[in-house]
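Engineer: Mind looking at a prediction? Sequence and model below.
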Amino acid sequence: MNRATFPHRFLPWLLVLPQLLISLVFFYWPALQAMWQSTLKEDPFGLSSKFVGLENFRKVLSDPAYLNSIKVTAFFSVVTAFLSMSIALLLAVQAEKVLRGKAFYRTLMIWPYAVAPAIAGMLWLFMFNPSFGTLAWPLRQMGIDWDPLLNSGQAMGLVIAAASWKQISYNFLFFVAGLQAIPKSLIEAAAIDGAGSARRFWTIVFPLLAPTTFFLLVVNSVYALFDTFGIIHAVTGGGPGKATETLVYKVYNDGYNNFLLGSSAAQSVILMAIVITLTAFQFKYVERKVHYG
Amino acid sequence: MTDSAIPEVVTDTRTMTIETPRTAQRRFRPSGSTVVMAIYLLFLMLPIYWLLNMSLKTNSEILGTFSFFPRNLTFANYETILTDPSWYMGYVNSLIYVVMNTVISLAVALPAAYAFSRYSFMGDKHLFFWLLTNRMAPPAVFALPFFQLYSSIGLFDTHIAVALAHCLFNVPLAVWILEGFMRGVPKEIDETAYIDGYSFPAFFVKIFTPLIASGIGVAAFFCFMFSWVELLLSRTLTSVDAKPIAATMTRTVGAAGVDWGVLAAAGVLTIVPGALVIYFVRNYIAKGFALGRV
C-alpha cells in the first residue's frame, strides 16, 4: 500500500473526486432534499408549502393504508427471501454432487440477470393469465377459481413466485461457492463416523455455510424490499385493492401519481432508515465473517 | 466401478453417496441430483419458452387455443415492433442511456478504483465503504428528488438524465469490482513504469488498463445490466423523448384490448441485448465470482 510510486499527495484525491461529486450530487443532495421535504406540507397545487415538523411522519404512521403496506411488505419479503434461498440451497447441494458440467450450469444460471424485473413479472403473468396462461389452464381444470387480477391471495402468490424465480440463480451461485469452500475431509470424517447424509448436512455443512447464508439473507432482504418494484408494477400494479402494495410501491404511487409530496418524502425517509440499518448490519457483521476468495 | 470399492467399514448404504472428487469423476451416472437440476433448468426456461412461443403466434391463437407450439407461425408481431416508432424508439432510448451510463460509470470508477487499490490516504478505507453504501440506496427514495432536480435544470426526459441517475448505483459497484481486479496486478508494474518515465495518464491508459481488461468487462456487464433492467427511475425521469422500452411495455399490460403477441415479442427483444452481453463476458464473470466481487 505504501509503495505507490506515482507522486501521491493530491493524486488519489484527484482520482476519487469524480466519484465523490456523483455521490454528493446524486446521493447526499437528494437525501437531504427528501428529508427537508418530509417536514413540509404542500398545498394541492404545489404553489406554497409550510413547515410542519414531524406532522407528515405522524400522519403516515397512523395511516391504516401505510400499516397495511408494512404488513404486505413484511409478508412478501420474508416469503420471497425464504423461498429463493431455500430452493437455491437445495439446488446447490444437488449441483455440488453432480460435479460434471458445473460450468454449464453456472452459465445457464447467470442469464436471469438479463431478464428485467418488469419482464420477469410479465413472464409469470403470461403463464398464469386467466384467459390464456399455460399454467392457469390446469388450475382451472382442477376446479380452482383462478384469477390473480381479482383475488388478492393469488396476486400475492404470483408476485412472490416471479420475485423468487429471478433471485434463485443469484443465491445458487453463492451457495455453490460456499459449499466448495467447505473442506471435504470434514464431511468424509463424519461419514466414516456413521453420520447419514441428512445429519451431515445439518450438523456440518449448514453451520459452515452460515456466513454465506447470512450475507445472502441481507442481500435478499434488500432485493425483496426495494428491487421488486418492476415485478409488482408489471404483474399487479399494487392491486387488487392494495393487496400487493409494498412500501416502495406506495412511495412511488403517493409521490408520483397522487402528488402527496410530503407524505411520500416522509415514507422515503423511513425507507432510508431501513436501508441504513440493513447496510450497517451487513458491514458490521457480514463483511467480517464472509471471506471472499 | 461398483459401490463395493468403498471399504467394508461403511455399512450404511446411505453413506455410499459420499464422493471424493476422484471417485465421483469415475462413476458418473444420472443420479437424483441430475434430475433435480434438470427440473430446475426446465423451471428456469419455461417462462422464457412460453414468451417466445406467444411472440410467434397470432392474437386469436394466443387467446383461442392452448398449444405448446405456434400452429400458424407468424413474425407479424416482430414486424409491428420494428416498424412502429412508438415501439422501436423505446429500444433506441434504452440503449442510448444504458451505453452512456456504462461509459460514464467506467470513466469515473476506473481512477477511483485505482486510488483505492494503490494509495493509502486519509480515511481511504472508510471512504471506500461509505461510497459503496450508495449502491444500497433504494431508487424509490431518489425518484422524486431527482425528478425535481432535473425539472429545475431542464434535463427532464433526456437520455443523459437517466444515465447520470443510474451512475449513483453503478459507480460504487464498478469501483468495488475493479478494485478487486486491480489488487491482482503487482505494484512492481507501476513502479517500473514510473522509473521508465511514463506520465501517469500514459501509464494508466497504455499499460494498466489492458491488464485489467477482464475486470472492465465484468464491471461493464453489471453496469449495463443494472441500467437495462432498472424501471423505477427511468420511467419517473422520462415522459416521451427518452422513454425506455420497459415503460412502454408495462403501460400496455393491463390495458383493455392488449395486443398480447406484440407484447410478448417486445419482451423477447428486451432479453436479447442482455443475453448477448452475457455471452460475450461469460468467462470473465466466472473470474469475477472467483474474486467474490460480483
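Structural biologist: Perfect, I can see it now.

Engineer: Check which residues of stretch B:243-252 are buried.
Structural biologist: For stretch B:243-252, a neighbour-count test (16 or more other CB atoms under 10 Å in any protein chain shown) marks B:243-250, B:252 as buried. C-beta: built from backbone N, CA, C; applies to glycine.

Engineer: In a markdown table: those, plus distance to A:S69 and secondary structure.
Structural biologist: What follows is these, written out as a markdown table (distance: CB to CB, whole Å; DSSP: H, G, I helix; E, B strand; the rest coil):
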| residue | distance to A:S69 | secondary structure |
| --- | --- | --- |
| B:K243 | 28 | coil |
| B:P244 | 26 | coil |
| B:I245 | 29 | helix |
| B:A246 | 24 | helix |
| B:A247 | 23 | helix |
| B:T248 | 28 | helix |
| B:M249 | 25 | helix |
| B:T250 | 20 | helix |
| B:T252 | 26 | helix |
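
Engineer: does the helix or strand harbouring A:P211 come close to chain B?
Structural biologist: Under the criterion of DSSP states H and E, A:P211 resides in helix A:210-226. Yes - counting by CB under 8 Å from any CB of the partner chain, chain B is contacted by helix A:210-226 at A:222, A:225-226.

Engineer: domains of chain B?
Structural biologist: Per automatic domain parsing, the structural domains of chain B span B:3-64, B:79-290.

Engineer: quick one on the thing from earlier: show the subsequent helix or strand relative to the helix holding A:P211.
Structural biologist: helix A:229-235.

Engineer: rewinding a little: can you say which of the buried residues of stretch B:243-252 are also within reach of chain A?
Structural biologist: Within these, those near chain A by CB under 8 Å from any CB are B:246, B:249-250.

Engineer: what about chain B, any weak spots by pLDDT?
Structural biologist: B:1-31, B:64-67, B:251-258, B:285-294 (pLDDT under 70).

Engineer: if you take the average position of it, which residue is closest to it?
Structural biologist: Centroid-nearest residue in chain B, with CA atoms, centre = their mean: B:M225, separated by 2.8 Å.

Engineer: Looks to me like it is in a helix.
Structural biologist: Yes - membership of B:M225 in a helix is supported by DSSP: H, G, I helix; E, B strand; the rest coil.

Engineer: Show me the shaky parts of chain A.
Structural biologist: A:1-5, A:8, A:43-47, A:98-103, A:105-107, A:110, A:113, A:132-134, A:283-293.

Engineer: if we can go back for a sec, which two among the buried residues of stretch B:243-252 are spaced furthest apart?
Structural biologist: Greatest spatial distance in the buried residues of stretch B:243-252: B:P244 and B:T252, 13.6 Å, computed using CB to CB.

Engineer: Straight-line length of stretch A:19-34, end to end?
Structural biologist: In stretch A:19-34, first residue to last residue: 21 Å (CA to CA, to the nearest Å).

Engineer: what about that stretch and chain B, touching?
Structural biologist: Yes - residues of stretch A:19-34 contacting chain B under CB under 8 Å from any CB: A:19-20, A:22-23, A:26-27, A:29-31, A:33-34.

Engineer: Any chance of JSON lines for the residues you listed, columns neighbour count?
Structural biologist: Listed next are the residues of stretch A:19-34 next to chain B as JSON lines, based on neighbours: other CB atoms under 10 Å in any protein chain shown:
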{"residue": "A:Q19", "neighbour count": "25"}
{"residue": "A:L20", "neighbour count": "15"}
{"residue": "A:I22", "neighbour count": "23"}
{"residue": "A:S23", "neighbour count": "21"}
{"residue": "A:F26", "neighbour count": "23"}
{"residue": "A:F27", "neighbour count": "19"}
{"residue": "A:W29", "neighbour count": "14"}
{"residue": "A:P30", "neighbour count": "24"}
{"residue": "A:A31", "neighbour count": "18"}
{"residue": "A:Q33", "neighbour count": "18"}
{"residue": "A:A34", "neighbour count": "26"}
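
Engineer: unless I'm mixing things up, A:A162 is touching A:L123, no?
Structural biologist: Yes - counting by CB atoms under 8 Å, A:A162 does reach A:L123; the two are 7.2 Å apart.

Engineer: and the gap between A:L186 and A:A195?
Structural biologist: 11 Å (CB to CB, to the nearest Å).

Engineer: and for these two, which residues touch both?
Structural biologist: A:I204 (CB atoms under 8 Å, 6 or more residues apart in numbering or on different chains).

Engineer: Which one's more surrounded, the two?
Structural biologist: A:A195 (19 against 13; other CB atoms under 10 Å in any protein chain shown).

Engineer: Tell me how far the more buried one lies from chain B.
Structural biologist: 8 Å (CB to the nearest CB, to the nearest Å).

Engineer: how much space between that residue and A:P183?
Structural biologist: A:A195 is 15 Å from A:P183, by CB to CB.

Engineer: My read is that the residue nearest to the centre of chain B contacts A:A116, right?
Structural biologist: No - B:M225 is beyond contact range of A:A116, at 9.1 Å (criterion: CB under 8 Å).

Engineer: residues shared between the contacts of those two?
Structural biologist: By CB under 8 Å, 6+ apart, no residue touches both B:M225 and A:A116.

Engineer: Just the residues contacting stretch A:139-152, thanks.
Structural biologist: By CB under 8 Å, 6+ apart, stretch A:139-152 touches A:125, A:128, A:130, A:136, A:154-155, A:157-158, A:235-236, A:239-241, A:243-244, B:254.

Engineer: what do you get if the cut-off is 7 Å, keeping everything else the same?
Structural biologist: A:128, A:130, A:136, A:154-155, A:158, A:240-241, A:243 (CB atoms under 7 Å, 6 or more residues apart in numbering or on different chains).

Engineer: Mind giving me the ChimeraX command for buried ones among these?
Structural biologist: The following ChimeraX line selects those of those that are buried, judged by 16+ other CB under 10 Å:
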select /A:128,130,136,154,155,158,240,243
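
Engineer: mind checking how far the top helix by length along chain A is from the chain centre?
Structural biologist: Counting by DSSP state H, the longest helix found in chain A is helix A:64-98. Computed by CA atoms, centre = their mean, to the nearest Å, the separation of helix A:64-98 from the middle of its chain amounts to 9 Å.

Engineer: Now it: buried residues?
Structural biologist: Buried residues in helix A:64-98 (16+ other CB under 10 Å): A:66, A:69, A:72-73, A:76-77, A:79-81, A:83-85, A:87-89, A:91-98.

Engineer: Stretch B:168-175 now?
Structural biologist: B:168-175.

Engineer: Give me the contact status of stretch A:74-90 with chain B.
Structural biologist: No - judged by CB under 7 Å from any CB of the partner chain, stretch A:74-90 stays clear of chain B, getting no closer than 7.5 Å.

Engineer: Export only the CA atoms of that stretch, formatted as CSV.
Structural biologist: Once non-C-alpha atoms are left out, stretch A:74-90 reads as follows in CSV (Å, rounded to 0.1, in the frame of the first residue of the first chain):
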residue,chain,number,x,y,z
ALA,A,74,-43.1,-8.0,5.6
PHE,A,75,-45.0,-11.0,4.3
PHE,A,76,-43.8,-10.6,0.8
SER,A,77,-40.1,-10.1,1.8
VAL,A,78,-40.0,-12.9,4.3
VAL,A,79,-41.6,-15.5,1.9
THR,A,80,-39.6,-14.4,-1.1
ALA,A,81,-36.3,-14.4,0.8
PHE,A,82,-37.1,-17.8,2.4
LEU,A,83,-38.3,-19.4,-0.8
SER,A,84,-35.5,-18.2,-3.1
MET,A,85,-32.8,-19.1,-0.5
SER,A,86,-34.0,-22.5,0.5
ILE,A,87,-34.6,-23.6,-3.1
ALA,A,88,-31.2,-22.3,-4.1
LEU,A,89,-29.6,-24.1,-1.3
LEU,A,90,-31.3,-27.4,-2.2
